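**Q** need a 3D model of the following:
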Amino acid sequence: METLQTAYAGLTLRNPLIVASSGLTNNIDKIKDLEKAGAGAVVLKSLFEEQILDQADHVLYHSADYPEAYDYVQNYVRSHRIEEYLTLIREAKASCSIPIIASINCYDNGSWVSFARDMEAAGADAIEINILKIATVLDEKPGEYEKLHTDILKAIKNAVKIPVTVKMGQRFSNIVAVVNQLKANNADGVVLFNRFYQPDIDIHKMQFTSGTVFSSSSDFSNTMRWIGIVSGQIPNLSLAASTGVHEPEAVIKALLAGASAVELCSVLYQHGNGIIMQMLTILEEWMQSQGFKTIGEFKGLLNFKNVPDQSYYDRVQFMKYFSNRD
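**A** Model (predicted):
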């Protein structure tokens with residue numbers, strides 16, 4: 001009989017489908033519904049560092065006559081928001097049997113170490129780090145952006161005993177080297193990839209606006225490529241595929257490329273929680289048709305190391321597509 005159980009970042013999941021950090025996981029009722037729908041784990045909606053600061057600034061704007069209140073208000077807002085988050089962790093752990101992964105979304109090293117300790121104390125099974133920053137500073141030395149990731153990881157790993165994963169973006173000159181550094185600094189897992197805010201320009205109003213919110217299935221090819229390349233060169237590291245997982249077949253492809261799990265977000269907003277069971281059913285039927293009893297039997301079977309022609313993963317394919325075209 002087939003089992004969909006998988007090991008990810010030191011956690012045992014009943015299946016490889018993780019609900020990503022989002023508005024889908026920001027209250028206990030939604031989390032309970034996701035567990036009932038079949039999710040293998042959930043990542044709680046991140047508490048954004050800049051969100052705390054923006055909220056404090058909003059309160060202070062209406063208290064402009066009392067500048068001495070700044071530190072008090074900022075500390076109060078921060079403590080209140082963090083306590084709300086910790087309460088959600090406690091409620092989720094009390095109500096659900098699936099792993100509850102807390103999420104830190106920050107853009108500098110800040111004071112998130114104490115927050116990570118609080119998450120652990122509240123009962124979180126693991127912590128996922130999202131680093132909300134892109135390299136845009138002209139005089140920033142090459143490598144500083146990468147170093148920020150390892151610095152934050154090291155600080156949090158030194159503070160907690162539960163697993164810590166890093167959800168990283170794609171804006172690196174050498175993704176494999178960055179993941180290798182994260183592993184060297186004891187990351188328990190890496191999620192490929194984080195989806196940053198997408199800007200757009202309204203040419204009629206002459207102002208910036210929000211761009212496309214959701215990922216699409218066309219984004220998955222790049223995710224699958226890097227899961228395959230990284231898993232083939234950096235063994236014994238848990239990877240989760242994120243961005244572009246919209247069809248059940250994409251789940252199977254991600255696992256074949258070397259992922260231990262996949263994170264779902266946009267597809268749930270667009271199709272509802274029922275898509276989880278559809279994906280699991282098709283995964284189980286595919287395993288049965290191929291004669292696989294466990295995910296471990298085929299995970300990474302087609303990664304960069306195991307395919308006979310590694311050019312399937314690199315840009316040589318471009319030449320194969322277009323070399324005979326005028």
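**Q** just the element for the residue lying closest to residue 169 once chain neighbours are set aside, please.
**A** Nearest non-adjacent residue to residue 169, counting by C-beta to C-beta, 6 or more residues apart in numbering: residue 194, 4.6 Å away. Using the backbone N, CA and C atoms, a C-beta is placed for each residue, glycine as well. Using DSSP states H and E, residue 194 maps to neither a helix nor a strand.
**Q** residues in contact with residue 241?
**A** 191-192, 223-224, 227, 254, 257, 259, 261-263 (C-beta atoms under 8 Å, 6 or more residues apart in numbering).
**Q** an error on my part: the question was meant for residue 2.
**A** Applying C-beta under 8 Å, 6+ apart, the residues contacting residue 2 are 284, 287-288, 292-294.
**Q** export those residues to CSV and tack on distance to residue 14 and secondary structure?
**A** Listed next are these as CSV, based on distance: C-beta to C-beta, whole Å; DSSP: H, G, I helix; E, B strand; the rest coil:
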residue, distance to residue 14, secondary structure
284, 12, helix
287, 15, helix
288, 18, helix
292, 17, coil
293, 16, coil
294, 13, coil
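**Q** got a PyMOL select line for the buried ones in these?
**A** Selection of buried members from those for PyMOL, criterion 16 or more other C-beta atoms under 10 Å:
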select buried, resi 284+287+292
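**Q** closest one to residue 9 out of the contacts of residue 2, please.
**A** Residue 9 has its nearest neighbour among these in residue 294, at 18.2 Å by C-beta to C-beta.
**Q** pLDDT score for that closest one?
**A** With respect to pLDDT, residue 294 scores 97.
**Q** which residues does it contact?
**A** Counted by C-beta under 8 Å, 6+ apart, residue 294 has contacts 2-3, 5.
**Q** rerun at 7 Å
**A** Applying C-beta atoms under 7 Å, 6 or more residues apart in numbering to residue 294 gives the contacts residue 3.
**Q** just residue 300 next, same as before
**A** 231, 258, 306.
**Q** check residue 223 too.
**A** So, once contact is read as C-beta under 7 Å, 6+ apart, residue 223 ends up touching 192-193, 241-244.
**Q** let's go with 6 Å and repeat that
**A** Residue 223 is in contact with 241, 243-244, counting by C-beta atoms under 6 Å, 6 or more residues apart in numbering.
**Q** ok, it to residue 20 distance?
**A** Per C-beta to C-beta, to the nearest Å, residue 223 is found 12 Å from residue 20.
**Q** residue 29 now?
**A** Counting by C-beta to C-beta, the gap from residue 29 to residue 20 is 18 Å.
**Q** equivalent analysis for residue 152, please.
**A** The value you get for residue 152 to residue 20, if C-beta to C-beta is used, is 19 Å.
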